[in-house]
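S.K.: heads up, no residue letters with this:
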């Protein structure tokens, strides 16, 4: 039932057996004939974290808005938590939690007020809503800031509050639309940790992101959307394995004729790739297990290794293979990772 | 059914409370409701007080008593506009999406906002009545009239607010709603609010005569300066209902359009 365009290989591994989200040929066309989403088939199992990856304008947010009943589809069907989004939007809303892009919070409310309002919206009795709000504030680490206005919160605090507000009614399916966009790496990791905990508690998470690492770290499965179409889907490991093999990058201690001697050794382990700025590269046929034997073989050939780096194919490589473009978040992610390194 | 109604009423009350709090916490939303009408009331009363001697001017003890209804209605219109701006800001920053994604009626979101506008309208009426009494105005019909003024002001604020809310829902833009502000003055000056229609020149006099705002102004003014007149009050009530119904119909259309257009 799930569309697995551009994908081959082992079957998809899902954690549950019942679909928490299921769409068939879901489409949304805007005025002027713009097809933001163009026939997307998805099946997200209960208890799964599904990463929906794509650059800005790919159709991620439009898909989420349809799945959360904020936007009517112009084609196809979507069933969330057992209810059709177009025919029974009220039932869908009772089952879902939504944290939309840019943490839409009122800066003039306090964190506590927001959670209590959210509890009222979900018909939770006042005293229970207050208790649940306090529990969530504790859980996301905002107890001390609970009575401060949201306008004084940092980006990470806002995101955590947004997440807490989406959880007030214990949703079955949680939609997180780019939950960490614009956050620093530390705040981002705090959000990831919370998402993992929620998923451990059994919540199905539908996560849109433009960050490769986020999808890689969190998602059981990833769907890649481009131009409103699902171009690839699978577990991150399977998708990356389809792109190619890992390769080893090596810097050797300066010696005469090292490159030709090294190439001779490396050929025994895999296909040597063109050297770049003095760094030798070899594609490994059998993956990481070959690293040790390669180092030993180089030593035996009288070559000393100065540094080495095992490079796995990334989801960006998958994206490039499917669309011919890099993900916009890919470069920024690299920059941020470098920025936090000592 | 009753349970559902009670749940919706609780949501409207919670959203209304949040919106009132938002206005009180945002000085730029609150200032136009109080400061500008108060300043205009002071300037007009001080500078144009002798207008009461003009032939054809309604019999009145002092100009402040006459002006009070104008200031209240001016503030009411500002309240409607200010509420609509706040609503548009909510839409712009995605706060309404948070509400629309909750299992509540979409109308409850609009009614919550309008409940706040009505509450602010009532607070404004009390403020101007007290201000007027302190500075020498006299309410001929006493406490019942004061209560009636609060009710009429509150419902008028709701009615005008509904038009503003519909514009906010349709345009999703605080700037567009803010752009309507000058129109408020045009409507005010083409009514009985600051000057009796019978002393205006045509076509302003003709417009003021049929301007629904004039009916509301007179509904507030007459028990202050003269006494109860059933026809005047019925016209005021009809105007409030008419404007409110028109605004709510616009809101209904705008809400339907939002889901269809996906904005």
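M.R.: Cool, got the structure. Fair warning: this is a prediction, and the values are worked out from it, not measured in the lab.
S.K.: When you work out contacts or count neighbours from here on, use the C-alpha atoms and nothing else.
M.R.: Noted.
S.K.: quick one: secondary structure of residue B:228?
M.R.: coil (DSSP: H, G, I helix; E, B strand; the rest coil).
S.K.: hang on, isn't it packed against residue B:141?
M.R.: Yes - contact criterion Cα atoms under 8 Å: residue B:228 and residue B:141 qualify, at 7.5 Å.
S.K.: tell me which parts of chain A are close to chain B?
M.R.: Where proximity means Cα under 8 Å from any Cα of the partner chain, the interface of chain A facing chain B comprises A:30-31, A:68-72, A:90-91, A:93-94, A:98-100, A:104-106, A:108-109, A:117, A:120-123.
S.K.: of those, buried ones?
M.R.: A:68-72, A:90-91, A:93-94, A:98-100, A:104-106, A:108-109, A:117, A:120-123 (16 or more other Cα atoms under 10 Å in any protein chain shown).
S.K.: Now the element after the helix or strand containing residue A:127, going C-ward?
M.R.: Taking DSSP states H and E as the definition, residue A:127 sits inside helix A:126-139. Using DSSP H and E, the next helix or strand after helix A:126-139 towards the C-terminus is helix A:155-166.
S.K.: quick one, strands of the stretch 201-342 of chain A?
M.R.: A:204-209, A:221-226, A:229-234, A:247-252, A:270-276, A:279-284, A:305-311 (DSSP state E, counting those that start in this stretch).
S.K.: okay, now residue A:251: neighbour count?
M.R.: Neighbour count for residue A:251, taken as other Cα atoms under 10 Å in any protein chain shown: 16.
S.K.: correct me, but it touches residue A:279?
M.R.: Yes - the pair residue A:251 / residue A:279 is scored as a contact, 5.2 Å apart, by Cα under 8 Å.
S.K.: circling back to that earlier point, got a markdown table for the strands of the stretch 201-342 of chain A, with mean pLDDT too?
M.R.: Output for the strands of the stretch 201-342 of chain A, formatted as a markdown table (pLDDT from 0 to 100):
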| stretch | mean pLDDT |
| --- | --- |
| strand A:204-209 | 91 |
| strand A:221-226 | 90 |
| strand A:229-234 | 88 |
| strand A:247-252 | 82 |
| strand A:270-276 | 79 |
| strand A:279-284 | 81 |
| strand A:305-311 | 83 |
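S.K.: Pick out the residue closest to the middle of chain A.
M.R.: The centroid of chain A falls nearest to residue A:215 when counting by Cα atoms, centre = their mean (2.3 Å).
S.K.: Now do the contacts for that one.
M.R.: A:51, A:52, A:53, A:209, A:222, A:236 (Cα atoms under 8 Å, 6 or more residues apart in numbering or on different chains).
S.K.: need the contact list for the fifth one.
M.R.: Contacts of residue A:222 were listed using Cα under 8 Å, 6+ apart, and they are A:50, A:51, A:52, A:53, A:215, A:233, A:234, A:235, A:236.
S.K.: In helices, which of these appear?
M.R.: A:215, A:236 (DSSP state H).
S.K.: Just want the residue of the stretch 201-342 of chain A that's nearest chain B.
M.R.: Across the stretch 201-342 of chain A, the shortest distance to chain B (Cα to the nearest Cα) belongs to residue A:206, at 15.3 Å.
S.K.: how about the helices in chain B?
M.R.: So, for chain B - with DSSP H - the helices run B:2-25, B:27-47, B:63-92, B:95-100, B:106-134, B:142-171, B:174-179, B:181-189, B:204-210, B:212-225, B:230-261.
S.K.: Walk me through the domains of chain A.
M.R.: The record's domain parsing of chain A by automatic domain parsing lists A:19-241, A:245-311.
S.K.: where among the ones you listed is the average confidence lowest?
M.R.: Looking at the domains of chain A, the lowest mean pLDDT belongs to domain A:245-311 (a mean of 80).
S.K.: okay, and for the stretch 1-150 of chain B, where does confidence drop off?
M.R.: Within the stretch 1-150 of chain B, the segments meeting pLDDT under 70 span B:1-2, B:49.
S.K.: Next one: residue A:199 relative to residue A:219, how far apart?
M.R.: Using Cα to Cα, to the nearest Å, residue A:199 is found at 10 Å from residue A:219.
S.K.: Tell me who's in contact with residue A:136.
M.R.: With contact set as Cα under 8 Å, 6+ apart, residue A:136 has these partners: A:164, A:167, A:168.
S.K.: So which bits of chain B are right by chain A?
M.R.: Neighbours of chain A within chain B, by Cα under 8 Å from any Cα: B:7, B:10-11, B:14-15, B:18, B:22, B:25-26, B:90, B:93-95, B:97-104, B:259-263.
S.K.: Drop anything exposed from the residues you listed.
M.R.: Using 16+ other Cα under 10 Å as the threshold, B:7, B:10-11, B:14-15, B:18, B:22, B:90, B:93-95, B:97-104, B:259, B:262 are the buried ones among the residues of chain B next to chain A.
S.K.: give me the number of residues near the closest residue to residue B:162 other than its chain neighbours?
M.R.: Closest residue to residue B:162 apart from its sequence neighbours, by Cα to Cα, 6 or more residues apart in numbering or on different chains: residue B:247 at 4.6 Å. Residue B:247: 22 surrounding residues under other Cα under 10 Å.
S.K.: Could I get the contacting residues of the residue of the stretch 201-342 of chain A closest to chain B?
M.R.: Contacts of residue A:206 by Cα under 8 Å, 6+ apart are A:49, A:50, A:51, A:52, A:173, A:174, A:175, A:176.
S.K.: farthest-separated two in those?
M.R.: Using Cα to Cα, the contacts of residue A:206 span at most 14.5 Å, a distance reached by A:52 and A:173.
S.K.: Find the closest residue to chain A in the stretch 101-250 of chain B.
M.R.: For the stretch 101-250 of chain B, Cα to the nearest Cα, closest residue to chain A: residue B:103, 5.0 Å.
S.K.: ok, and the closest non-adjacent residue to residue A:322?
M.R.: In space, and not counting its chain neighbours, residue A:322 is closest to residue A:231: 6.4 Å by Cα to Cα, 6+ apart.
S.K.: who touches stretch B:138-154?
M.R.: Outside stretch B:138-154, the residues that reach it (Cα under 8 Å, 6+ apart) are B:61, B:65, B:72-73, B:76, B:117-123, B:125-126, B:129, B:132, B:216, B:219-220, B:223-228, B:237.
S.K.: change it to 7 Å
M.R.: Identification of contacts with stretch B:138-154 by Cα atoms under 7 Å, 6 or more residues apart in numbering or on different chains yields B:65, B:76, B:118-119, B:121-122, B:125-126, B:220, B:223-227.
S.K.: Report how many residues lie close to residue B:77.
M.R.: So residue B:77, with other Cα under 10 Å, has 28 neighbours.
S.K.: swap in residue A:216?
M.R.: The burial count for residue A:216: 17, using other Cα under 10 Å.
S.K.: same question, residue A:182
M.R.: 12.
S.K.: what's residue A:191 in contact with, if anything?
M.R.: For residue A:191, the contact set (Cα under 7 Å, 6+ apart) comprises residue A:160.
S.K.: ok, now with 6 Å
M.R.: Shown in contact with residue A:191 (Cα atoms under 6 Å, 6 or more residues apart in numbering or on different chains): no residues.
S.K.: in the helix or strand containing it, what's buried?
M.R.: Using DSSP H and E, the element containing residue A:191 is helix A:185-200. By 16+ other Cα under 10 Å, the buried positions in helix A:185-200 come out as A:185, A:187, A:188, A:189, A:191, A:192, A:194, A:195, A:196, A:198, A:199.
S.K.: Let me have the residues you listed in JSON lines, extended by distance to residue B:211.
M.R.: JSON lines is the format used below for these (distance: Cα to Cα, whole Å):
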{"residue": "A:185", "distance to residue B:211": "60"}
{"residue": "A:187", "distance to residue B:211": "57"}
{"residue": "A:188", "distance to residue B:211": "57"}
{"residue": "A:189", "distance to residue B:211": "60"}
{"residue": "A:191", "distance to residue B:211": "56"}
{"residue": "A:192", "distance to residue B:211": "59"}
{"residue": "A:194", "distance to residue B:211": "58"}
{"residue": "A:195", "distance to residue B:211": "58"}
{"residue": "A:196", "distance to residue B:211": "61"}
{"residue": "A:198", "distance to residue B:211": "58"}
{"residue": "A:199", "distance to residue B:211": "60"}
